[in-house]
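**Q** Sharing a sequence plus its predicted fold:
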Amino acid sequence: AVVTGLFMILTTINGYSQTTLSLKETESKLRSNNIELNIQKKDIQKSEYGVKEAQSIYLPSLNLSGNYNRNIRPQVFFLPATFFDPTADSKEFRSVNASAKNVYQTNLTLSVPLLQFENKPILENAQLNKENAYLALKTLENQKLAELRKIYFDALWAKAQHDFWIENLKRQSRILSDVRQRLEQGFLTEADTLQAYVQVENLKPNLIKAKNAYTLAENQLKLLLNLPSQESLQFSDSLYFNPKNIVFSNFETKKRTDLEQLNIQKKILDNQAKIEKAKLMPNLQLVGQHSILTQHENFKFNEYRWVNSTFVGLQLNVPLFNGFRQNNKMAQIKLESEQTSERYNFAVKQINLEIQTLQNTLQETSLQLQTQEKVLKAAQRSYNLMYDRWKKGIVKQGDLIDSEMVLQQAKLNHIGLIYNCLLVELELKKAQGE
């Protein structure tokens, strides 16, 4: 019963659903369910509003304001004393209140931009930020897809390991049964039986280890796919790699979204320099204002007389001197733009070296896999022959155990090489932006 229980891989927990997924299905679920991707998508929405905000700088602005002032000591202005008394000294001036105690004013102000050199680069930067937001989403998606594929391969590797130890356990259990039968017939000793029993028991910890590795990969996938922790996952793909399908394609920088982001960052910096330069240029606006105002000494509103006034005009602002602030700002932006270009060129060199290294590694590992497939076939045939000879009593049990160990190592190496090929191919595609 214990052995039968160990034959079982992770199964559905009672009361919970089970989902079987292929690699392509997990990728599709990741794009729609992953929490980090959904958070990143909000940056795209923010950038779209940023474009609309930048477009609004071309539109007029209309503002309504109102204020009330209580003059505790009203302002005054001075008039010649002769204005009040013709006989007074012409050099004498008298003060006159310039306002009443209560002053009310409402203004409706209009401003229309006519000439502002910074508007165009501001709008271009908003559009570049939007493009950058899409690239950032694609970059994160590629990272998460690579992480998902790695975890999926981990699950397949754990399942292949589990199946391998199950097969070994069955084979060793069959040998143990044969040994016990031959012990009863008097052909073997108790030491032979104990040796076969130890071989069986030594396999069980490996089963547990493979099962735990599978569980870990399953839980990591649930987190990436935002699935309930109680849900059970099964994987329809198998651990497989065909060395004959290796095709190396030329690297295209446009496939690497992180490189495209560096290009956009440089364009944004160049536009930022234009914005700072534009601040040194004149700007022209059409302005207008309609005002309603009144003043009075008391709060008898029915006695108030409201006065309307309206004006329109052009407002020209010409920057003359601001302490070289813009010049220094442009110098900083230029240096940052040069740094971005250097980072881009260095990143391209790094990626090309990484791709070349991964291609060489994949070729080497695939050749090892092809050799190991031949070794595995030979080890399997050797074991079958040794088992038949052991059954006939021609060879000792120790020889059979040695043959079993050779076969076991050959299969483990084969599984490991397939797994390594898949990982190297995954890293290669990631480096190429695929």
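**A** Happy to help now that I have it.

**Q** Which residue, other than its chain neighbours, is closest to residue 183?
**A** residue 193 (5.2 Å; CB to CB, 6 or more residues apart in numbering). To be clear about C-beta, it is placed using only N, CA and C from the backbone, and glycine gets the same treatment.

**Q** In terms of helices and strands, where is that neighbour?
**A** Using DSSP states H and E, residue 193 sits in helix 190-225.

**Q** how close does the residue nearest the centre of the chain sit to residue 241?
**A** Geometric centre of the chain, nearest residue: residue 140, 2.6 Å, by CA atoms, centre = their mean. Going from residue 140 to residue 241 by CB to CB, to the nearest Å gives 28 Å.

**Q** before we move on, what about residue 274?
**A** 52 Å.

**Q** Next up, phi/psi of residue 227, please.
**A** Dihedral angles of residue 227 (phi, psi; degrees, to the nearest 10) stand at phi -100, psi 150.

**Q** cool, and residue 229?
**A** phi -70, psi -20.

**Q** Look at residue 96 and report its pLDDT.
**A** On the pLDDT scale, residue 96 is placed at 82.

**Q** With residue 8 instead?
**A** pLDDT, residue 8: 43.

**Q** what do you get for residue 4?
**A** Confidence at residue 4, expressed as pLDDT, is 39.

**Q** and what of residue 79?
**A** Each residue has a pLDDT score; the one for residue 79 is 82.

**Q** Helices along the stretch 101-250 of the chain, start to end?
**A** Under the criterion DSSP state H, counting those that start in this stretch, the stretch 101-250 of the chain contains helices at 119-184, 190-225.

**Q** Now do the shortest one: which elements does it pack against?
**A** Translated: helix 190-225. Packing contacts for helix 190-225, counted by 3 or more CB pairs under 8 Å, 6 or more residues apart in numbering; DSSP states H and E, involve helix 2-6, helix 23-33, helix 119-184, strand 232-235, helix 397-431.

**Q** Go through the ones you listed and name the closest to residue 280.
**A** The minimum distance between residue 280 and the helices and strands packed on helix 190-225 falls on helix 119-184, with 13.5 Å, by CB to CB.

**Q** That closest one - contacts with which helices or strands?
**A** Packed against helix 119-184 by the contact rule (3+ CB pairs under 8 Å, 6+ apart) you find helix 2-6, helix 23-33, helix 35-55, helix 190-225, strand 232-235, helix 257-278, helix 397-431.

**Q** Look through this structure and report the residue furthest from the middle.
**A** residue 87 (88.4 Å).

**Q** quick one, phi/psi of it?
**A** Dihedral pair for residue 87: phi -90, psi 0, per degrees, to the nearest 10.

**Q** how much space between it and residue 271?
**A** 72 Å.

**Q** What of residue 340?
**A** Residue 340 sits at a distance of 13 Å from residue 271 (criterion: CB to CB).

**Q** excluding its backbone neighbours, what's nearest residue 228?
**A** Computed as CB to CB, 6+ apart, the closest residue to residue 228 that is not its neighbour in sequence is residue 222, at 7.4 Å.

**Q** That neighbour: what's it in contact with?
**A** Contact analysis of residue 222 by CB atoms under 8 Å, 6 or more residues apart in numbering lists 228, 229, 231, 233.

**Q** Quick one, grab the pLDDT at it.
**A** Reported pLDDT for residue 222: 93.

**Q** again with residue 391
**A** pLDDT, read off for residue 391, is 82.

**Q** Count the residues that sit near the nearest residue to residue 200 once chain neighbours are set aside.
**A** In space, and not counting its chain neighbours, residue 200 is closest to residue 172: 4.7 Å by CB to CB, 6+ apart. The tally of other residues near residue 172 (other CB atoms under 10 Å) stands at 22.

**Q** I'd assumed residue 197 was in contact with residue 172.
**A** No. Residue 172 is not in contact with residue 197 according to CB atoms under 8 Å; the separation is 9.3 Å.

**Q** so how far is residue 225 from the residue nearest to residue 154 when sequence neighbours are not counted?
**A** The shortest distance from residue 154 to any non-neighbouring residue, by CB to CB, 6+ apart, is to residue 217 (4.3 Å). From residue 217 across to residue 225, the span is 12 Å (CB to CB).
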